[in-house]
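Colleague: have a look at this prediction, sequence included:
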Amino acid sequence: MPARAARFRLTQRMRRNATLIGLLLLPAIGLRLFTAVYPFFNTIWLSFHDWNPAFPPQQFVGLKNFQALTRDIAVTSSISFTILFVVVSTLLEIALGMAIALILNRAFFGRGAVRAVNLIPWAIPMVVAAVGFRWMYDTQYGIINDLLHRTIGVKVPWLVDFWGARAAVIATNVWKSTPFVGLVLLAALQGIPQDLYEAGRVDGTNRISAFFYITLPLIMPQIVTIGLFMVVWQLAAFDLVFAMTGGGPGFATQVLAYRIYQVAFMALNFGYASAISMVLFVVVGVASVIGLALFRKVEVSL
Amino acid sequence: MKSKPVTRISRRQFLKAAGLAAGSLSMGVGLSACAVPPARVPQQPAQPAAPSPTQAPAADTGRKTLVLAIQGFAHDAMKPVLAKWEERTGHKVTLESGPVTGNEMITKYAPAFQSGVSPVDVMSDADDSGPAFYRAGWMEPLDEVIPQETWDDFPESFKQQIEVWHSFEGKRYRVPHEFAIGYTFYRKDWFDERKIEPPKTWDEVVAIGKEFTNPPVFGTMEALIKPGLAFVYMAYLAAQSGGNLFAFDDATAKAFQFAYDLIHTHKIMPETTLSMDYTQQNEEYMKDHVAFMRQWPFFWDVARGNKDWYKEGRAEIALPPAGPAGAKSWWGGWGFSVPKFAPNKPEALDLIAFITNNENAPILAKGQSWFVMPRKSIMAVMGNEGLAVHMQRYAEANVPSPRPFHPKVAEAQSVVDDVATLYLTKQISLAEAMQQGKERIAALG
C-alpha cells in the first residue's frame, strides 16, 4: 500500500509538473508560432495568390506565380548568382579563416592585439562596409584602382563589368565574414590536445602532414558546422548587395533576398514575392540537408 | 482502497498535444489573416475640421500633437509656416525625417498602412509611392479639403500631371510641393573661355562633349546606379527622342542607343557612371571633372553651398539639348498627403490645407529651393531670383514633359532600370533590350 500511495503521489506530481511545464513553455511556443510558423504558412498561402494591396482584390491563382518565375529573367539570374555567391564566399571564408586561425594559434609577440585587429571587419556594419567598398572600387578615384594603376598600370571597371562586379561583391563579403570564421576555427584549434602533435612528431610527421592528418580531421566537425552556418546565413544576404550595387549592373549581382525585397516592398506584389520566397526556402532547405548529411558523415568517420 | 486509474502523460504525448494545438492555432490564425480584406468602400471626403484662418481655435478641442514627415533638409523651411498654424490652432506639430525615395516610402509606411495604422499625420510623398498608396485606399482624398484657389494657383501645364500622378478614380490625394525637373547644369566659365554655347542638340552634345573630354574631365556625366537612377536618365532621353518609355518603341530605342554611344562610342561620359549615385556625380562635377550634366534642382543649392568651390559661372543652367522630339525634360516630384489612418485626421487635413495655401507656398519656397514651383503665388514673389528664373525659362520654352506613367509604377521603372543597365554594360544587344523590356512590361498586366 505505501508503495502504491507513493506512486499515486508521484503521478499527481508528474501531472502537476506537466501542466507547469506546459504553462512555462507556452510563451516560447506562442512566440515561435507567431514569428516563424505563422509567417511561414502565410507565405505559402500567399504564394498561390495574386495579392497586391494597390490592385485588390486578392485572388487565388494556383501555380501561376511559380510558372511566372520560371520565365522571369530577374529571378533566374538571381538564383544563379545567389548560388555562386554563397558557394564561392563560403569556400574562401573557410580557406582564409583557417589560415588566419592557424596564424593566430601560434605564439608570437602582440598576438592579443592581432586577434583584436582581425575582428575589426566583422564588427563593421555591412551597409557601412558596402558603401565604403563601392567608393573604393570606383574606377576613377577608388583606392583599389589607384593601387592597381600605380603598381601594374591597369584600371578595372569593377562595378560596371559583369564579372568585375560579381568578384567585387564576393570579395567584400569574404573580407567582412572571414574574421568570424577564423575566430570559430581558432577556438576549434585550441581544443586539440598537444599530445597528438608530439606523438605525430615521434612518428615522423612534418607540419604539413600534421595539418592534414591531425588538425584537419579533428576540427572537421567545426568546419562543417561553420560552413553550414555561413551557407544558410549568406543565402539570405541582402544588405551588401542593396548598398553596394543595387543588384547591378543588370542582374549581375542580384541575390534572391534582394529580389524578394524589390518585389514585395517596392512593388507591393506580395503574392509573387511569396512565390520567390518559397524558392529561397527550397534552396536553403536543400543546402541544409546536404550540410547535415555531410556533418553526420564527418561525425561517423571520426 | 482503490485508487482512481491514473492517466500518465509522457513527454512525447505532451509535446504531441502541444504541437497539434500549436499547429491548429497557427493554421487558424494564418487562414484568417490571409482572408481577402474587405473591398474598398467609396469614402466620403473628409471635411476640414478646423476653423478658417480667421477663426480662433475651438475651445472644446484638446491640444494635439501632429507628426509631419518630410525630408530632413526641409525642416528649417517648414518651421515658420508650422509656427503660424500652431499659433492659430493651439496644436503642435512635430517634424520627423521622412524617407528620401519613393521606394523607401513604400518600405517604411506600407506595413503600417496595411495594418490600418499610421505613424504620421501629414507626409511628403513621392511619385513612385503615392499612386500605390491611393490605389490601396490608404490615403485621404483632398478634393474638399484643399480650396479651389490652391489648385488654381498651379499653372495649366500641371493639370495633366496632377490628374495622372496625384489622383485616382477622379479624386485628388496629394498636393505637389516640388517641381523636380532635370536641369542642364554647365560650366559657364569654361564655355565662355572657349567662346561656345551649351549644347542645343544631341549632335552638339557629342561635339562639345568631345571638346571637353580629357580624362578625368568628361563632357558629361550621369549617375546610373540601380535602383532607380538608370530609369531617370532613360526617361529624360526618351522625352527628348519622343519615345513612349514603357512601350519600348523605336524612339525609346534611339534614346537607349544615344546613352550607349555617349559612354562606349564617343566616350564623353565615363563608364563608371553606371555605378555612380548622385552624391558621386555631384562630387565629380565639383571636382571640375564635368563640363555639363543633367541634374535635379537640389544641385543648385548643393553647388552654391560648397563655399570652397563655388564661384559664379560654375553651375549655371542651360536649356536641355533637343533630341528628335525637341528640348524636353520630364518632371515629377513630391507632394503633401494625409494617410487615411492619421491619428489626428481632422487636424491633419486642416494642416495640409494651411501649408499648401497660396499664402504659405511662397514662404516655403523662400526657405528652401525644394519648394520652388511655377505656382503663380510663388512666381509673383520669387520670379526674378534664383532657380525660379530658370523654372520660368523652362516653362516658357515648353521644356517640361509629363513623367512616364504606368499603373504599376515601381515595377515598370524597375524593368527600365534592369534593361537599361543590361544594355549599357553590354550584356545584351539593343534589340534584346527592347524585346525584353516589352515582354516584362506586358507581364505586369
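Modeller: Thanks, I have it.

Colleague: flag the shaky bits of the chain, pLDDT-wise.
Modeller: Using chain A here. A:1-10, A:299-302 (pLDDT under 70).

Colleague: oops, wrong one, chain B.
Modeller: B:1-61.

Colleague: which non-adjacent residue is nearest the residue sitting nearest the centre point of it?
Modeller: In chain B, the residue lying closest to the centroid (Cα atoms, centre = their mean) is residue B:126, at 3.6 Å. Nearest non-adjacent residue to residue B:126, counting by Cβ to Cβ, 6 or more residues apart in numbering or on different chains: residue B:102, 3.4 Å away. In short, each C-beta sits where N, CA and C put it, glycine included.

Colleague: list the residues that contact the one you found.
Modeller: B:125, B:126, B:127, B:128, B:129, B:130, B:410 (Cβ atoms under 8 Å, 6 or more residues apart in numbering or on different chains).

Colleague: contacts only, for the third one.
Modeller: Applying Cβ under 8 Å, 6+ apart, one finds that residue B:127 lies in contact with B:102, B:165, B:332, B:333, B:334, B:403, B:409.

Colleague: show me where the stretch 51-200 of chain B has strands.
Modeller: B:65-70, B:92-97, B:122-125, B:167-168, B:171-172, B:175-176, B:180-181, B:183-186 (DSSP state E, counting those that start in this stretch).

Colleague: same thing with the stretch 51-200 of chain A?
Modeller: So, for the stretch 51-200 of chain A - with DSSP E, counting those that start in this stretch - the strands run A:59-60.

Colleague: can you pull the residues of it lying near chain B?
Modeller: Counting by Cβ under 8 Å from any Cβ of the partner chain, the residues of the stretch 51-200 of chain A close to chain B are A:52-58, A:68, A:71-74, A:134-135, A:137-141, A:157-162, A:165.

Colleague: one more pass at 10 Å, please.
Modeller: A:51-60, A:68, A:71-74, A:77, A:131, A:134-135, A:137-142, A:145, A:155, A:157-162, A:164-165, A:168 (Cβ under 10 Å from any Cβ of the partner chain).

Colleague: what remains of those residues if I keep only buried residues?
Modeller: A:51-56, A:58, A:68, A:72-74, A:77, A:134, A:137-142, A:145, A:157-162, A:164-165, A:168 (16 or more other Cβ atoms under 10 Å in any protein chain shown).

Colleague: ok, back up a step: could I have the buried ones of the contacts of residue B:102 as PyMOL selection syntax?
Modeller: Listed next is the PyMOL selection for buried residues among those, using 16+ other Cβ under 10 Å:
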select buried, chain B and resi 125+126+127+128+129+130+410
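
Colleague: which of the contacts of residue B:102 fall in helices?
Modeller: Among these, the members falling in helices (DSSP state H) are B:130, B:410.

Colleague: nearest to chain A, of the contacts of residue B:102?
Modeller: residue B:410 (4.7 Å; Cβ to the nearest Cβ).

Colleague: okay, now the domains of the chain?
Modeller: Unless you meant another one, I'm taking chain A. A:2-35, A:66-126+A:169-301 (automatic domain parsing).

Colleague: the intended chain is chain B.
Modeller: In terms of domains, chain B is parsed into B:65-179+B:333-402, B:182-329+B:406-443 (source: automatic domain parsing).

Colleague: TSV for those, including distance to residue A:27?
Modeller: Formatted as TSV, the domains of chain B follow (distance: least, Cβ to Cβ, whole Å):
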stretch	distance to residue A:27
domain B:65-179+B:333-402	23
domain B:182-329+B:406-443	39
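
Colleague: picking that back up, if you rank the contacts of residue B:127 by neighbours, which is first?
Modeller: Counting neighbours by other Cβ atoms under 10 Å in any protein chain shown, residue B:334 leads the contacts of residue B:127 with 27 neighbours.

Colleague: residue contacts, that residue?
Modeller: B:70-71, B:74, B:98, B:100, B:102, B:105, B:123-127, B:129-130, B:174, B:176-180, B:370-371 (Cβ atoms under 10 Å, 6 or more residues apart in numbering or on different chains).

Colleague: got a quick PyMOL command for the buried subset of these?
Modeller: PyMOL command restricting the contacts of residue B:334 to the buried ones, with burial defined by 16+ other Cβ under 10 Å:
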select buried, chain B and resi 70+71+74+98+102+105+123+124+125+126+127+129+130+174+176+177+178+179+180+370+371
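
Colleague: quick check: closest non-adjacent residue to residue B:281.
Modeller: In space, and not counting its chain neighbours, residue B:281 is closest to residue B:223: 4.0 Å by Cβ to Cβ, 6+ apart.

Colleague: quick check: phi and psi at the closest residue to chain A within the stretch 101-250 of chain B.
Modeller: Nearest to chain A in the stretch 101-250 of chain B, going by Cβ to the nearest Cβ, is residue B:226, at a distance of 3.3 Å. Note on residue B:226: its backbone torsions stand at phi -80, psi 150 [degrees, to the nearest 10].

Colleague: any idea how far residue A:201 is from it?
Modeller: To residue A:201, residue B:226 is 56 Å away according to Cβ to Cβ, to the nearest Å.

Colleague: and what of residue A:262?
Modeller: Taking Cβ to Cβ, one finds residue A:262 at 57 Å from residue A:201.

Colleague: more neighbours: which of the two?
Modeller: Of the pair residue A:262 and residue A:201, residue A:262 is the one with more neighbours under other Cβ under 10 Å, namely 26 against 12.

Colleague: show me the contacts for that one.
Modeller: With Cβ under 10 Å, 6+ apart, residue A:262 has these contacts: A:74, A:78, A:242, A:246-247, A:254, A:269, A:273, A:276, B:103, B:226-227, B:410-411, B:414, B:418.

Colleague: I figured residue B:163 was touching residue B:174, is that so?
Modeller: No. Assessed by Cβ atoms under 10 Å, residue B:163 is found out of contact with residue B:174, at 11.7 Å.

Colleague: OK, contacts around residue 91?
Modeller: Going with chain A. A:174, A:227, A:230.

Colleague: not quite, I wanted chain B
Modeller: B:50, B:57, B:61-66, B:82, B:85, B:121, B:344, B:347-348, B:350-351.

Colleague: and for residue B:429?
Modeller: Contacts for residue B:429 were tallied using Cβ under 10 Å, 6+ apart; they are B:422, B:423, B:435.

Colleague: any idea which element residue B:292 lies in?
Modeller: Per DSSP states H and E: residue B:292 is located in strand B:290-295.

Colleague: and the helix or strand following that strand, what does it pack onto?
Modeller: Sequence order places helix B:298-305 as the next helix or strand after strand B:290-295, per DSSP H and E. On a contact count with 3 or more Cβ pairs under 10 Å, 6 or more residues apart in numbering or on different chains; DSSP states H and E, helix B:298-305 meets strand B:183-186, helix B:278-286, strand B:290-295, strand B:316-318, helix B:386-396.

Colleague: could you give the angle of helix B:298-305 to helix B:278-286?
Modeller: Angle, helix B:298-305 to helix B:278-286, by axes from the mean of the first three to the mean of the last three Cα atoms, to 10 degrees: 50 degrees.

Colleague: how about the residues of the stretch 201-302 of chain A by chain B?
Modeller: By Cβ under 10 Å from any Cβ, the part of the stretch 201-302 of chain A that sits against chain B consists of A:241-242, A:244-254, A:258, A:261-270, A:272.

Colleague: perfect, I'm done here.
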